[in-house]
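Peer 1: Please find the sequence and the predicted model below.
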Amino acid sequence: MKKYNIKQIDDYQNRLTEQQKNALLKHCNDFDVYPNICAWYDDMDDFYQDWVYDNKIFETKAEAKNRYKQGLKEGEFKKFSNGEIVRLSL
């Protein structure tokens, strides 16, 4: 499995803490997902705002939550201890 490093993290908002960078690298290496962040959510409410209300990808929060759970299992989403969530480009 390829091992990613801090220099490879694409944090387009430049807001990752050192602790988050380390957690993200572990996540990316565990799932073999390149550490390219394509979306950042402050919390689940922000996630729902984007996926249900703004972009209307799903009609309900329940549908969006199921998609989020699926993405967690696949490594697409990483939730940090402070509740922030990043989406990685797969």
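Peer 2: Received the coordinates, thanks.
Peer 1: Show me what the strand or helix carrying residue 38 pairs with in its sheet, parallel or antiparallel.
Peer 2: Residue 38 is part of strand 37-41 when elements are defined by DSSP states H and E. Strand 37-41 sits in its sheet next to strand 85-88 (antiparallel), going by DSSP bridges.
Peer 1: can I have the strand holding residue 38 written out in CSV, keeping just the CAs?
Peer 2: Below are the C-alpha coordinates for strand 37-41, written out as CSV (Å, rounded to 0.1, in the frame of the first residue of the first chain):
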residue,chain,number,x,y,z
ILE,A,37,-9.5,17.6,0.2
CYS,A,38,-12.3,18.6,-2.1
ALA,A,39,-14.9,19.8,0.5
TRP,A,40,-14.8,21.0,4.1
TYR,A,41,-17.8,20.9,6.4
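Peer 1: Could you pull out the buried residues of stretch 13-32?
Peer 2: Buried positions in stretch 13-32, judged by neighbour count with 16 or more other CB atoms under 10 Å: 16, 20, 23, 24, 25, 27, 28, 31. Bear in mind the C-beta positions are built from the backbone N, C-alpha and C, glycine included.
Peer 1: tell me the mean pLDDT over the strand holding residue 38?
Peer 2: Strand 37-41 shows a mean pLDDT of 95.
Peer 1: could I have whatever helix or strand residue 30 lives in exported to CSV, CA atoms only?
Peer 2: Here residue 30 sits within helix 18-31, counting by DSSP H and E. The C-alpha coordinates for helix 18-31 follow below in CSV (Å, rounded to 0.1, in the frame of the first residue of the first chain):
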residue,chain,number,x,y,z
GLU,A,18,-1.1,19.4,12.9
GLN,A,19,-3.3,16.9,14.8
GLN,A,20,-5.8,16.9,11.9
LYS,A,21,-3.0,16.4,9.4
ASN,A,22,-1.7,13.4,11.3
ALA,A,23,-5.3,12.0,11.6
LEU,A,24,-5.9,12.6,7.9
LEU,A,25,-2.7,10.9,6.9
LYS,A,26,-3.6,7.8,9.0
HIS,A,27,-7.0,7.8,7.4
CYS,A,28,-5.6,8.1,3.9
ASN,A,29,-3.0,5.4,4.4
ASP,A,30,-5.6,3.1,5.9
PHE,A,31,-8.0,3.5,3.0
